[in-house]
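Q: Structure of the sequence below:
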Amino acid sequence: MPPTWGTTLPIEETMMRLPLLLPAFWAASAMSGYCQGAPGTLQFDTSNMKVTITLDRDTYLPGESAQVTFEVSNPSNTSVVSLVPFVWATGCLSTHRDLCGYSPVDSSNLTTFGPGESKRIVLNSYDPAFDIGPLVMQTGAAPTHPGKYRISYQYGNSTATAEYTVIPAKLEADTVARLHDFMDSDRPGWVPRAPVPEYVHVLALHADRLSYICVSQSAERRPDLVAMRSVLDQHPDFDDAHVQVGLAVGFKRIATSLVPVASLSAVADPGENLTITWKDSEGVNHKEFYPASYPVRDESEKKEIERLDQFEKVRQQRQQW
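A: All right, here's what the predicted structure looks like:
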């Protein structure tokens, strides 16, 4: 049973303070936060550092992509030796608590912050979280169920948290545009690669008395809509059980309509740029140009090409034997 509006879901919660697993005595020093003995990085004294995490929005549509900014600063007027930020050896995210660990403090995960220096990284929700594979947000986007959420970054023994809200949204329309074909093979090295069509979803979502035109950042191999026409005509909640949200999550909003959307279409040119047209409920036609940008699709294709190349290379080596 899906949670009701206004609940806090466990997908992204504030990280609770982790238990101290190693005994340690803090050495007071303006130059470092070393623990005597063999400390773990999550016990490292970072209390003199300023740690922040911010989001590009306060509210998101269900399944919308997000941008997260992490920053660690030295507010003092002297240099400070502290942990290298934005790596899993020195911190972790509340979205992936199972990866939080205790790495020994050594020269490999220490760095110097100059007076007033800040180190900053901006990641999309669908990007790998720091130096390890898991995505910044578990589904690569904001949760699909409305509610209030938070995401936390623990750096040493300091934690920063950002809160956000996923607002309810109605699905007004969905369409797909065909992109470039992808050269794929079911049996790489045995069966030659052949073109497979790819499609991108374009959605119209209605929330807070506005309609938003949204473009998925990924691609699908089939032109199936996220819901049957009979369901779409009812303008269901986007997180309704009859809507296949997984086909389009990780989308980007690109245009806003003050009037509800009645119909929607999209066509890609040879450069994969989209021309999106829609008619609102008052009969007025609108058009929006979307420059080709499908980062999730691009990353997925890159990995698939590497996999196919590797299989074919192994096949060729075996034939030479």
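
Q: how much space between the most centrally placed residue in the chain and Trp321?
A: Closest to where the C-alpha atoms of the chain average out (Cα atoms, centre = their mean) is Ser125, at 1.6 Å. Ser125 sits at a distance of 46 Å from Trp321 (criterion: Cβ to Cβ, to the nearest Å). C-beta coordinates here come from the backbone N, C-alpha and C atoms, glycine included.

Q: One more: Ala141?
A: If you measure Ala141 against Trp321 using Cβ to Cβ, the figure is 46 Å.

Q: again, but for Val136
A: When Val136 is compared with Trp321 (using Cβ to Cβ), they lie 44 Å apart.

Q: Could you do Ser47 as well?
A: Applying Cβ to Cβ, the value for Ser47 to Trp321 is 61 Å.

Q: which of these two has more neighbours?
A: Counted by other Cβ atoms under 10 Å, Ser47 and Trp321 do not tie: Ser47 has more neighbours, with 11 against 4.

Q: Now do the same contact list for the residue lying closest to that one once chain neighbours are set aside.
A: If the residues on either side of it in the chain are set aside, Ser47 comes closest to Ser158, at 6.4 Å by Cβ to Cβ, 6 or more residues apart in numbering. Ser158 sits next to 46-47, 49, 51 when contact means Cβ atoms under 8 Å, 6 or more residues apart in numbering.

Q: which of the residues you listed are buried?
A: Of the members of those, the ones counted as buried by neighbours, 16 or more other Cβ atoms under 10 Å, are 46, 49, 51.

Q: State the phi and psi torsions of the first one.
A: What it means is Thr46. Backbone dihedrals for Thr46, given as degrees, to the nearest 10, come out at phi -110, psi 20.

Q: Spatially nearest residue to it, not counting backbone neighbours?
A: Setting aside the residues directly before and after it, Thr46 is nearest to Gly156 in space (Cβ to Cβ, 6+ apart), at 3.3 Å.

Q: Now do the same for that neighbour: its pLDDT.
A: On pLDDT, Gly156 comes in at 91.

Q: Repeat that for the one 3 residues further on.
A: Thr159 is assigned 93 on the pLDDT scale.

Q: pretty sure it belongs to a strand, no?
A: Yes - under DSSP: H, G, I helix; E, B strand; the rest coil, Thr159 sits within a strand.

Q: Number of residues surrounding it?
A: Counted with other Cβ under 10 Å, residues neighbouring Thr159 total 19.

Q: Now do the SS call for Lys279.
A: Following three-state DSSP, we place Lys279 in the strand state.

Q: count of neighbours near Val226?
A: Neighbours around Val226, by other Cβ under 10 Å: 23.

Q: what about it, which helix or strand?
A: With elements delineated by DSSP states H and E, Val226 resides in a region that no helix or strand encompasses.

Q: and it, what is it in contact with?
A: 171, 174, 201, 203, 243-245, 247-248.

Q: hmm, back to that, between the buried ones among the contacts of Ser158, which sits nearest Tyr290?
A: For Tyr290, the nearest member of these is Val51. The distance, counting by Cβ to Cβ, is 35.9 Å.

Q: Report all helices and strands that the top helix by length along the chain contacts.
A: The helix of greatest length in the chain, counted in residues with DSSP state H as the criterion, is given as helix 295-320. In terms of contact count using 3 or more Cβ pairs under 8 Å, 6 or more residues apart in numbering; DSSP states H and E, helix 295-320 is assigned the packing partners strand 182-184.

Q: Could you check how many residues crowd around Gly271?
A: A count of nearby residues for Gly271, using other Cβ under 10 Å, gives 8.

Q: Ser108 too?
A: Burial of Ser108 is recorded as 10 neighbouring residues (other Cβ under 10 Å).

Q: Pull up the gap between it and Asp45, please.
A: From Ser108 to Asp45 the distance is 18 Å (Cβ to Cβ).

Q: Same question for Ala204.
A: 51 Å.

Q: who's more crowded, those two?
A: Using other Cβ under 10 Å as the criterion, Ala204 and Asp45 rank with Ala204 on top: 27 against 21.

Q: a strand runs through the more buried one, doesn't it?
A: Yes - under three-state DSSP, Ala204 falls within a strand.

Q: tell me the contacts of it?
A: The neighbourhood of Ala204, defined by Cβ under 8 Å, 6+ apart, consists of 171-174, 211-214, 257, 261, 264, 278.
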